[in-house]
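> model the following, please.
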Amino acid sequence: MNIIILDGESLNPGDLSWEGFTALGSVTLYPQTPPDRVIARIGNAEAVIVNKIQMTRAVFDACPRLRYVGELATGFNNIDLDAAADHGVCVTNVPAYSTMSVAQMVFALLLELCQAVGHHAGAVAAGRWSACPNFCFWDFPLVELDGKTMGIIGYGRIGRRVKIIAEAFGMRVKYYSPSASNAALEEVLAQADVLTLHCPLTSATEGMINRDTLAKMKDGAILLNTARGPLLVEADVRAALESGKLAGVGVDVVSVEPIREDNPLLGAPNCVITPHIGWAPREARQRLMDVAAENLSEFLQGMEQNRVSRG
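Next comes the predicted model:
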């Protein structure tokens, strides 16, 4: 089988092996592929492996020999599943590989907002502690998590893992999920000292954190997003930070990635932004690589594993 990997660099910048795929066929690897080169690079290939490449109907129409698209991620909103089904193409994803890593990222962001470790370490390196008349100093109010309420929107694998860690910090937990017995969304918004998002991006959840929902939250709450950037109306979140409605925001995802220079969150007060790295520890990426190769191997044997396309 001729296998084309269109944007392999994000998963594997060089510290992993593609041997799971090379064992299955002839592999052509591209670190990145610009949109205007996607069709040409796929050519007559039967299998394509992608991460964020847009697999549109035009791509499927132009590549009639394509039989399989493997998503190197859990989310697959970059693939037109209707077009895939119309062309009889199997699409698979990799669920659950980053549960531990993303949950860890939630608390990395939260602890930075509560303790400002990076800022204070920089202040020490700049000589401010050496020049301090007291034995210690801090520039921001520091926050203890014990006894605070963690509100979780989305209660899948990551949300449940976040609950376990939050409880280990002594936090109370309220969660909202349309598919489980739980508190109402308004109750979670009203009670959360920390609100963290772990729901998929859908037409119903896009922009769910906006001026109206922010108004229902406690004054001085902290907001975290490690799910999908468009869950936030970013201009409304910035306004909430500037007014003091939110005490802090930590995001590992934004509405357009890479982040644009005009993103409203850039330069907002007490806003920590990281470049979509929650999924990226080597251990998580290795799991992703292994399962993605297994998905293709199962397909070649006439079986289905993690198929998300219909038909």
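> test my guess that Gly88 contacts Arg67.
Yes. Counting by Cβ atoms under 8 Å, Arg67 is a contact partner of Gly88 at 7.4 Å. Any C-beta I mention is one placed from the backbone N, CA and C, and that applies to glycine too.
> those two: who's more crowded?
Using other Cβ atoms under 10 Å, the more surrounded residue of Gly88 and Arg67 is Arg67, with 16 against 12.
> what about the closest residue to the more buried one other than its chain neighbours, how many residues nearby?
Spatial nearest neighbour of Arg67, chain neighbours left out: Glu46 (4.7 Å); criterion: Cβ to Cβ, 6 or more residues apart in numbering. Per other Cβ under 10 Å, the neighbour tally for Glu46 reads 17.
> residue contacts, Glu46?
For Glu46, the contacting residues are 1-3, 65-68, by Cβ atoms under 8 Å, 6 or more residues apart in numbering.
> repeat that for Ala123.
Counting by Cβ under 8 Å, 6+ apart, Ala123 makes contact with 129, 137, 139.
> what's the closest of the residues you listed to Phe60?
Of all those, Phe60 sits closest to Asp139, with 53.9 Å by Cβ to Cβ.
> where does that closest one land in three-state SS?
coil (DSSP: H, G, I helix; E, B strand; the rest coil).
> could you measure from it over to Ala293?
According to Cβ to Cβ, to the nearest Å, Asp139 and Ala293 sit 48 Å apart.
> those two: who's more crowded?
Between Asp139 and Ala293, Ala293 has the larger neighbour count (other Cβ under 10 Å), namely 20 against 10.
> doesn't Gly25 make contact with that one?
No. With contact defined as Cβ under 8 Å, Ala293 does not count as touching Gly25 (11.0 Å).
> can you give me the end-to-end span of stretch 69-85?
Start-to-end span of stretch 69-85 (Cα to Cα, to the nearest Å) is 11 Å.
> now that stretch: mean pLDDT?
For stretch 69-85, the mean pLDDT works out to 95.
> counting by contacts, list what the one helix or strand Ile158 maps to packs against.
In this assignment (DSSP states H and E), Ile158 forms part of helix 157-168. If you count contacts as 3 or more Cβ pairs under 8 Å, 6 or more residues apart in numbering; DSSP states H and E, helix 157-168 packs onto helix 99-115, strand 149-153, strand 172-176.
> secondary structure class of Gly147, three-state.
Secondary structure, three-state DSSP: Gly147 is coil.
> counting neighbours, what do you get for it?
10.
> now do the same for it: its pLDDT.
98.
> next: Ala180.
67.
> again with Leu16
Reported pLDDT for Leu16: 98.
> doesn't it fall inside a strand?
No. Applying three-state DSSP, one finds Leu16 to be coil, outside a strand.
> pretty sure it is touching Glu283, no?
No. The pair Leu16 and Glu283 does not pass the contact test of Cβ under 8 Å, sitting 10.8 Å apart.
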